[in-house]
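Trainee: got a predicted model here, sequence first, then my questions.
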Amino acid sequence: MKYFTTLGLFVIILFMISIPTFSEIDLIADGAIIINADTGQILYSKNEHTPLFPASTTKILTAIIILEDMNLNDSIIVDPESPYAGGSHIALEPGEEVTVEQLLNALLIASANDAAEVLARKHSGSIEAFAQVMNSRAAEMGALNSNFANPHGLHNKDHISTAYDLAIIARYAMKNDTFRTIVKTKRYEIPPTNKKTETRYLNSTNSMYQGIAGSTKLIDVGGARVPIAYEFADGIKRGYTPEAQFCFVGSATKDGRQFITAVLKSQSDAMYEDTRKLMEFAFTGTTKYLIAKSGDIAKTVTLTNKKQTAVSSIYAEDVSIDLPNEYKIEDIEVKELISSQIELPLKKGEIIGTKEFYLNDSLLHQVTLISDDQYIGEDLLNDITDFFQTEKRSWSLLLVKILLAVFIWRVIMTMFRINRIKRRQNQKKTRLG
């Protein structure tokens, strides 16, 4: 049977599509995007698949790999090469003993390049080997047009990503509790080590947090002058190199709705302006509609072999869509795509097809449909019944043959005993006579 049997194997690129231009947002960034953190729906984008230099937003990917593969409490002895990575650093020394947790906080809060290289070398043995892991894992997360050459984002002509790729990597990372905690941390302390006698104080570089350097500067958003600090901000990472210019991957949550942004090749404070404009559009310019809940019946499919069997498909996940305020749920067009290759028997949870939701001929969201139960099928059941009935007749015939053989054997043995008794009686009469 040529069909996928598990949801995990059913990989769909949801967003390699044109999306409706709901309204124009004046952005400085060369590449930008905003997505719903829960559904992945793109609300707005600009050159989202154009490869650009990501600078230190690279560290989002580095951090989530380390979080998934290493123990936070493990100690690491700093290698001889990493302290000389260049750029931002926390002055690590060769032979210094630090923990994975301390290095991760240095990586994401202080954007420490030396910490990035220590973690990469400890994880994979070399920067080159870790870059291979980065590219493999990014692809698994859904990245389409990225190539990572190092763990920190220091300039390399072959080290590129896109607004789309960074947004979905960030979306994946923000599902990790520890990652979310670290990127929301404003200040972190690394106590004295075997090489340092003083505590190191790490301060966040994310000016969207109140109290961080630059947070009180004013930016233009929607015709108003407002501080960079944003009360709903909860992440994630900024970056800069002369070649990449100013980059920022952000997250904000309000009234149960979370959105993730990525802006690449912007300008100084403009990266925060671009981010705020995208966030304001999402929070105030769109409305969330719950279309269906996970487990709701989506469609009944009739499969035919010898007989017909009705199979119920259900939504594999909740379906919610963000629509600009000028649109209503009635404006959405729904298309069902049922696989022509499904056949009986079906396992529970087996993929049957997809359902797509469109606005103005542009795909907004796609959800997988799965079988709600196991379906053997009436035709298969009859075949199995016939088989066992045939087997039953065969066993019955064999039993009759065995019983007949036993009966014949008993008759023969009885006749043999009677003849033997008669011979003995004749022999006795002969002796007496």
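Mentor: Received it, and whenever you're ready, just let me know what you need. Residues are numbered from 1 along each chain as shown.

Trainee: tell me the phi and psi of E117?
Mentor: phi -70, psi -40 (degrees, to the nearest 10).

Trainee: give the contact list for A138.
Mentor: By CB atoms under 8 Å, 6 or more residues apart in numbering, the contact set of A138 is L61, S146, F148, D165, I169. Bear in mind the C-beta positions are built from the backbone N, C-alpha and C, glycine included.

Trainee: do S268 as well
Mentor: Counting by CB under 8 Å, 6+ apart, S268 has contacts F246.

Trainee: closest to I42 among the contacts of A138?
Mentor: Lowest distance from I42 to those (CB to CB) belongs to D165, with 12.7 Å.

Trainee: and the contacts of stretch 68-85?
Mentor: By CB under 8 Å, 6+ apart, stretch 68-85 touches 89, 91-101, 103-104, 113-114, 116-119, 121-123, 152, 154, 176, 178.

Trainee: domain-wise, how is this structure divided?
Mentor: 12-285, 293-371, 388-433 (automatic domain parsing).

Trainee: pick the most deeply packed of those.
Mentor: Here the criterion is mean neighbour count by mean count of other CB atoms under 10 Å, and of those the winner is domain 12-285, at a mean of 20.

Trainee: which of the domains of the chain has the lowest mean pLDDT?
Mentor: Averaged per stretch, pLDDT over the domains of the chain is lowest on domain 388-433, reaching a mean of 70.

Trainee: the stretch 251-400 of the chain: strands as residue ranges?
Mentor: Secondary structure of the stretch 251-400 of the chain (DSSP state E, counting those that start in this stretch): strands at 257-266, 286-292, 297-304, 308-315, 319-324, 333-338, 351-359, 362-371.

Trainee: can I get the ones you listed in TSV with distance to L52?
Mentor: Output for the strands of the stretch 251-400 of the chain, formatted as TSV (distance: least, CB to CB, whole Å):
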stretch	distance to L52
strand 257-266	4
strand 286-292	26
strand 297-304	39
strand 308-315	36
strand 319-324	26
strand 333-338	33
strand 351-359	28
strand 362-371	24
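
Trainee: enumerate every residue touching the residue lying closest to K196 once chain neighbours are set aside.
Mentor: Nearest residue to K196, sequence neighbours excluded (CB to CB, 6 or more residues apart in numbering): E96, at 7.0 Å. Residues in contact with E96, defined by CB under 8 Å, 6+ apart, are I77, V78, T193, N194, K195, K196.

Trainee: which of those fall within helices?
Mentor: Among the contacts of E96, no residue falls in helices (DSSP state H).

Trainee: from these, which ones fall inside strands?
Mentor: Using DSSP state E, the subset of these located in strands is I77.

Trainee: closest one of the contacts of E96 to K355?
Mentor: Closest to K355, out of all of these and judged by CB to CB, is V78, at 52.0 Å.

Trainee: once you drop chain neighbours, what's closest to the closest one?
Mentor: Spatial nearest neighbour of V78, chain neighbours left out: E96 (4.4 Å); criterion: CB to CB, 6+ apart.

Trainee: how far away is that neighbour from F130?
Mentor: Distance, E96 to F130, by CB to CB, to the nearest Å: 20 Å.

Trainee: ok, now H123?
Mentor: 6 Å.

Trainee: centroid residue for the protein?
Mentor: What sits nearest the mean C-alpha location of the chain, by CA atoms, centre = their mean, is M141, with 5.8 Å.

Trainee: the nearest residue in space to that residue that is not next to it in sequence: which element?
Mentor: Closest residue to M141 in three dimensions, ignoring its sequence neighbours and counting by CB to CB, 6+ apart: Y172, at 4.6 Å. Element membership for Y172, per DSSP states H and E: helix 163-173.

Trainee: tell me where the protein has helices.
Mentor: Using DSSP H, helices in the chain cover 59-69, 100-109, 113-124, 127-141, 163-173, 177-184, 270-285, 378-432.

Trainee: was I right to think I291 contacts D322?
Mentor: No - using CB atoms under 8 Å, I291 makes no contact with D322, being 11.2 Å away.

Trainee: returning to that earlier point: just so I know, which of the helices of the chain lies nearest K348?
Mentor: Nearest to K348, of the helices of the chain and by CB to CB, is helix 378-432 at 15.9 Å.

Trainee: OK, contacts around P51?
Mentor: Residues near P51 by CB under 8 Å, 6+ apart: N145, S146, I160, S161, T162.

Trainee: contacting residues around the nearest residue to it once chain neighbours are set aside?
Mentor: Residue nearest to P51 in three dimensions, not counting chain neighbours: I160, with 4.2 Å by CB to CB, 6+ apart. By CB under 8 Å, 6+ apart, the residues touching I160 are P51, L52, F53, P54, N145, S146, N147.

Trainee: relative to L364, how far out is the residue nearest to T286 when sequence neighbours are not counted?
Mentor: In space, and not counting its chain neighbours, T286 is closest to D322: 4.4 Å by CB to CB, 6+ apart. As judged by CB to CB, D322 and L364 stand 8 Å apart.

Trainee: same check on S204?
Mentor: With CB to CB as the criterion, S204 and L364 are 34 Å apart.

Trainee: try F357
Mentor: In this view, F357 and L364 are 5 Å apart by CB to CB.

Trainee: overlap of the contact sets of these two?
Mentor: Common neighbours of F357 and L364 (CB under 8 Å, 6+ apart) are I321, I332.

Trainee: how much space separates Y289 from N73?
Mentor: 44 Å.

Trainee: hang on, I meant S161
Mentor: The gap separating S161 from N73 is 31 Å, by CB to CB.

Trainee: how about N194?
Mentor: Applying CB to CB, the value for N194 to N73 is 17 Å.

Trainee: likewise T99?
Mentor: 6 Å.

Trainee: then L154?
Mentor: Shown here: L154 relative to N73, a distance of 29 Å by CB to CB.

Trainee: next one: T286
Mentor: The value you get for T286 to N73, if CB to CB is used, is 42 Å.

Trainee: who are the contact partners of V263?
Mentor: Counting by CB under 8 Å, 6+ apart, V263 touches L27, A29, G31, A32, A163, C247, F248, V249, M271, D274, T275, L278.

Trainee: 7 Å - rerun?
Mentor: A29, A32, A163, C247, F248, M271, D274, T275 (CB atoms under 7 Å, 6 or more residues apart in numbering).
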